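Novice: Would you be able to build a 3D model of this:
(chains A and B)
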There are 2 protein chains.
Amino acid sequence: MKKLDISNWTIKQDLSNLEYMNESETVFAQANGYFGIRGTIEEGYSNEIEGTFINGFYDTEDIIYGESAYGYAKERQTQLLVPNTKNIKLFIDDEELNIEYSKLENHFRELNLKNGIITRNLTWKTNKNKILEISFERFVSMDYENLMIINLSIKPLNFSGKIKIISGIKEDKVKSLDENDPRVSGQLKYSLKNYDFFKKDDCIVTKSKTYNSNLQLITSVINKSDNIKVKNIKVEGKNIFEEFCIDLKQNIESTVTKYCFYYFEKKSKIEVEEKLDLFKELTSKDFRYYKSLQEKYYEEFWNISDIILEGNKEIQAAIRFNIFHLIQSVGKNGKTNIAAKGLTGDGYEGHYFWDTETYVIPHFIYTNPDIAKKLLSYRYSILHKAKKRAEELSFKGALFPWRTINGEESSAYYPAGTAQIHINADIMYSLKKYYEVTDDLDFMINKGLEMLVETSRFYADYSDYIDGRGYCINGVTGPDEYSALVNNNTYTNMMIRYQIKFLMDFIGNLKIENIQLYNEIMKKFKITNEELILFNDIYEKIYIHYDKEKNLIGQDDSFLNQKMWDFENTPKEKYPLLLNYHPMIIYKHQVIKQADLVLSMMLIPEYFTDEEKKANFDYYENVTTHDSSLSECIHGIIANELGYEEMSVNFFENTVKTDLYDLHNNVKNGVHIASMAGSWQCIVFGFLGMREIDGVLNFKPNLPRKYKKIELKLRFKGRIIGIILTEDQLIYSLIEGESIEIVSNGEKIILI
Amino acid sequence: MKKLDISNWTIKQDLSNLEYMNESETVFAQANGYFGIRGTIEEGYSNEIEGTFINGFYDTEDIIYGESAYGYAKERQTQLLVPNTKNIKLFIDDEELNIEYSKLENHFRELNLKNGIITRNLTWKTNKNKILEISFERFVSMDYENLMIINLSIKPLNFSGKIKIISGIKEDKVKSLDENDPRVSGQLKYSLKNYDFFKKDDCIVTKSKTYNSNLQLITSVINKSDNIKVKNIKVEGKNIFEEFCIDLKQNIESTVTKYCFYYFEKKSKIEVEEKLDLFKELTSKDFRYYKSLQEKYYEEFWNISDIILEGNKEIQAAIRFNIFHLIQSVGKNGKTNIAAKGLTGDGYEGHYFWDTETYVIPHFIYTNPDIAKKLLSYRYSILHKAKKRAEELSFKGALFPWRTINGEESSAYYPAGTAQIHINADIMYSLKKYYEVTDDLDFMINKGLEMLVETSRFYADYSDYIDGRGYCINGVTGPDEYSALVNNNTYTNMMIRYQIKFLMDFIGNLKIENIQLYNEIMKKFKITNEELILFNDIYEKIYIHYDKEKNLIGQDDSFLNQKMWDFENTPKEKYPLLLNYHPMIIYKHQVIKQADLVLSMMLIPEYFTDEEKKANFDYYENVTTHDSSLSECIHGIIANELGYEEMSVNFFENTVKTDLYDLHNNVKNGVHIASMAGSWQCIVFGFLGMREIDGVLNFKPNLPRKYKKIELKLRFKGRIIGIILTEDQLIYSLIEGESIEIVSNGEKIILI
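Specialist: Numbers count the residues shown, from 1 in each chain, chains lettered A, B, ... in the order given. Next up, the predicted model:
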């Protein structure tokens, strides 16, 4: 069976075959960062995994521990399913249009990545041999975050007469996509409460709220058509529908436009009328209007964000698909972030992880820095909670939560949660990159610096000065979750060193360039000279475990002294290891789940010599299972740098194809946001070899022989730089902005 | 307020004051190893913490994890509260005898440690000025495990007339003694189901069973008195009572004897009639008969188990109290063990831990080796589950559960549970001691050896051979729970080395002494030569972390490289640390919860030089908080060995007084079995300096100046040896058995 028909800009599905429906619900998911819907069809079907998600809309409940202890995360936060507004049912002579039972022909749908619109066409022959051509067009508006529009067109080919339409709001479902897999783990045990159903003017409305998190939700729908006569309202359980008829005329197309509206806020009382007025105003414009806005939005988006990769159509489609899902999923209002599964599934309970800063933000920094800024603003919005968390753990400063929606730590297994204190440094790394790429001093002064100071304070207080070693960061977990609670995870220590240097440099420069602001800052954040001396001391003396005998950098103090995992006698079906071995068994071996030290090589290349990169990559790649989808992209980038072209291409292709080609057989649960962003990184940091070092873009391009051409654009310090890399050409061009110096293969080039 | 009046053999309580009732419920708890009751009074009172526990009677439920993983313990096992049979209510003219409201005089109770009987006397003046002398005598039979007897005597002083008595079976309660403390943690969320209430001949009966563990329970009561006329049966909720009247005659004592019976088994159908016949037969003998048996039992018990410690009456009483509770709590049928709180509370869910082998068994080995044998037989009875557990964790051999009732691992926090793989070696250590002290070859051949082979196989498979180090035991937790998942915990590695040597020696000796048996054994347990070579290799090359620079043995590979806990700035109320700091913070410091390396010094003295003992004790004692009640006794023993007399006495007194003097303010939750046994160890292993090395008893006595005399007996290889230590005398005597050589202060002595 050919599952999907994938071409340059479109993904097409033949709906005469329902075998790949759950997977395609993810592929055809639509979103705008505020909310998103899974790609089920308007009429529904029996095995659908329906889901509508609002970014940051969650409920809490107490985490139950088998054995609890001081300082454990207290509340589970779970992204909720919200009511489904896309549902539309059609009846001719009381016969219902049904994808499973009706006689349908030419039933296809197509997602157009150029504008995010899904068009579905079908021909329906009823039992009484009435034939209709029906099409649905729908999209979630990128311009109006609360809005989704569905345009239904119906043309009877061999009759005139009535068609009955039922369209409204269906209740949220209480169902997890995959309850058994601990990587998914989110259990939506509860739904919304206090449903209120009513009609207000043209609006069908449900008003509901969460049990514990005090979030209020308004869901509303308006059905519009020129020739609706009477509308009846029906409430069934927690569903509210409008039922109406349209007079169809043979060979004439009739249309119904369904406007869908979601709005939530954390408030004890929500101004419903005000919000509905806003919605009604939105419906004064027609489908065409919003469609043209949508097209314009995406045109501008693709203009900067598209990547042309010639030589393999599958890859070309997949990278576009990934970029498309990133812009769909990312929160753009500064109050929300991007969940590990975007807005396409409830895996990982809709939580925000370091995936944002380490995987997703680089893409936005170089293409849509305003979005990167919003993501960092979200972190600033939860800084007060990060301070509280540090205090609870008896430390100064701030510790960001490993996984969260509302800013509280929500990881129920601290060895792979709270112990990953590198989260602070991951966020600060992306702050540094954002600042260097945008020169956004305002953001630094108003938001960034406070985060930088407080997270550095946490590290300074957490670090243990040990004679003969220096500052040690003990009892933590690095990115590799196949080790836990180790001493001196090198990734963590290097990242801390890097962020402390950033802080010292920033303050140092400020003192030179703006003494008044410097003084204000020192006073505002109560930074003392003793503190700066301590930071400098940590910067100089933070311990990095180097094994002289093996001539390797240790992933941590003990990793290289552990037994090698018996890869030879581990059958394929025992991967991922975490599903088949007790954590304590995994931890005591040399076996790595995901890029850890290798990630440091990419993020802070200046901390490694070329020889170190090679020796350590060779060693660590050999013991890495890549059991996390965050891993292969990073190894692919360093493999490319080291000239391991085939390996690099393999890792890249595994990464870029993860979702569109369902490599892990779990795309039905939602997309893998980190590997989507990782595939962008594979191209930019991998094949183009791009690194930003001390404010200058460095390139070391290497086009794999499999591909013919890479062409893309990057924003950098207000410029847009174009890059074209082919088998025999490498062209940098300054598309917008003032001239700038870059480095290509070690040579300085000035773009004018 | 004087809480209790404690003298040589008795503990007396003035019941005119109810302030210390919950605590005294524990102190006055009675048990026989099969079941136990808390020391509430027959009439009950409003704030009582009632509890009746049957050893090994539990229910299960799924453990809920915030985040689960492969190989986690699946089921919680929780000791259940069972119906209360001690209740008796008395009424004169419908006025109820009530400890809170009645006019009572001379209300005292006394626990006699010599026979385990509690006698309670009171004078009751009713509102109508009727005066009665009432006494209750009760005990849990040491001879008949299912039986408890209460003898009620009533003498009216100024009237003749009726007294109404209500006596029966009250339902189990659903209540935990302390739900907030994670050290208690047991939550009895469920009780028994399928209550069946009936009267059969004289028996009042409830039949019930557990929800998940399929245990069936019969509780029955028979009230006997010469002058009962009519008995009425009442069922109220889950309670069943008999109501009857007795004609009292002025100045004549009337008695009622209440026989109480508990029996459970794991069966789908229980033969109720058969069991009730057994009970009825028991009631054919009167109170006096059982009382004299009880007295005889305890006389024999104290004859061997008593310790005379002159010089401090409190200590003398406390050590007897502790020894008394050990014999009360310990399971004696080979199917059960001894819970951390005995049969006096539901703390730690009634689980069996290493406390049995490391703290309790030594006491029994040298006083009642048959009981030690039963405890080890219990381990053998769960060996098949330990094998299954090892397999689940992908290892050969057997891994005993860290905490359990039914043999399955029930620790919900594996870093302080399953990771404590030293449990195997702890059990094998006590097997070795049992074997050496009793020469019980039968037990070794039929039960012990299989455990020894399978647990050694587990260790051999678990160990990782690391070049330059040898066999490492990585990723485990030692006794000190303020470190977790460490590499090469020295205690663990030494204990493994010790048990492997035991195995090799045993097999080696067998080969010399009984080649036929040797061959049978090798075949039966499929022991190969390769395996023996591997065992030997591990014995020779197991890694012990020695820090040359600091001249110390490391508690583990990284402990000595960690930061010192800031004891100076930790206020008293922040102890125990586990209640006030996140585990990951505690783990990364040099801070110890309980004896770890110091415990090895006691258990395997031959692995340490005197200098090593001193240097390491000095160092580790300094960083030990003794936040566990398993700690001070061990440090006290080594302190004594090193000549730190004052410290040794302090630790001993803290240990021995823990429960009787409620040093931790939590005796109301139940006794601390390990520190009760630890106080015996302080005297024998501490003040007498007794060690058994290679089958010979060694003594290095040192009587602290505070005390005048220690006198006790020990069983050893069929002998009973008496020891008297005073300020100026040290007398060893052979009380029973053939002559034997011992070593005292380095000198060989032959006792004849």
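
Novice: outside of stretch A:526-539, which residues touch it?
Specialist: A:453, A:456-457, A:459-460, A:463, A:471, A:496-497, A:500-501, A:503-504, A:507, A:521 (CB atoms under 8 Å, 6 or more residues apart in numbering or on different chains). To be clear about C-beta, it is placed using only N, CA and C from the backbone, and glycine gets the same treatment.

Novice: Put the alpha carbons of that stretch into CSV.
Specialist: The C-alpha trace of stretch A:526-539 is given here as CSV (Å, rounded to 0.1, in the frame of the first residue of the first chain):
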residue,chain,number,x,y,z
LYS,A,526,22.7,42.8,43.9
ILE,A,527,25.8,41.5,42.1
THR,A,528,28.8,41.8,44.4
ASN,A,529,32.5,41.8,43.6
GLU,A,530,32.9,38.7,45.6
GLU,A,531,30.3,37.0,43.5
LEU,A,532,32.2,38.0,40.3
ILE,A,533,35.4,36.7,41.7
LEU,A,534,33.6,33.4,42.5
PHE,A,535,32.2,33.2,39.0
ASN,A,536,35.6,33.8,37.6
ASP,A,537,37.1,31.2,39.8
ILE,A,538,34.5,28.6,38.7
TYR,A,539,35.1,29.6,35.1
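
Novice: A:Tyr462: neighbouring residues, count only.
Specialist: Neighbour count of A:Tyr462, defined by other CB atoms under 10 Å in any protein chain shown: 25.

Novice: and it, how far is that from A:Ala425?
Specialist: Using CB to CB, to the nearest Å, A:Tyr462 is found at 11 Å from A:Ala425.

Novice: go on, A:Ser153?
Specialist: A:Ser153 is 53 Å from A:Ala425, by CB to CB.

Novice: Check which helix or strand the residue of the stretch 601-750 of chain A found nearest chain B maps to.
Specialist: Taking CB to the nearest CB, chain B has its nearest neighbour within the stretch 601-750 of chain A at A:Asp627, 12.5 Å off. Assigned by DSSP states H and E, A:Asp627 belongs to no helix or strand.

Novice: Report pLDDT for A:Val174.
Specialist: You'll see A:Val174 listed with a pLDDT of 54.

Novice: Let me know the next secondary structure element after the helix or strand of chain A with the lowest mean pLDDT.
Specialist: Least confident helix or strand of chain A, by mean pLDDT, DSSP states H and E, is strand A:193-200 with a mean of 84. Next helix or strand after strand A:193-200 toward the C-terminus (DSSP H and E): strand A:203-209.

Novice: circling back: let me know the angle separating the least confident helix or strand of chain A from strand A:203-209.
Specialist: With axes from the mean of the first three to the mean of the last three CA atoms, to 10 degrees defining the directions, strand A:193-200 sits at 160 degrees from strand A:203-209.

Novice: Isn't A:Ile166 up against A:Phe241?
Specialist: Yes. Using CB atoms under 8 Å, A:Ile166 is in contact with A:Phe241, at 5.1 Å.

Novice: out of those two, which sits in the busier spot?
Specialist: Between A:Ile166 and A:Phe241, counting by other CB under 10 Å, A:Phe241 is the more crowded of the two (23 against 18).

Novice: so the more buried one is in which element?
Specialist: Per DSSP H and E: strand A:239-248 holds A:Phe241.

Novice: For that strand, list every residue counted as buried.
Specialist: A:Asn239, A:Ile240, A:Phe241, A:Glu242, A:Glu243, A:Phe244, A:Cys245, A:Ile246, A:Leu248 (16 or more other CB atoms under 10 Å in any protein chain shown).

Novice: Other residues contacting the least confident helix or strand of chain A?
Specialist: Here strand A:193-200 has contacts from A:171, A:205-211, A:233, A:235, A:238, A:240, A:272-273, A:276, using CB under 8 Å, 6+ apart.

Novice: swap in stretch A:122-136?
Specialist: In this structure, residues lying in contact with stretch A:122-136 by CB under 8 Å, 6+ apart are A:15, A:41-42, A:88, A:90, A:92-93, A:95, A:97, A:102-108, A:118-121, A:150-159, A:161, A:163, A:248.
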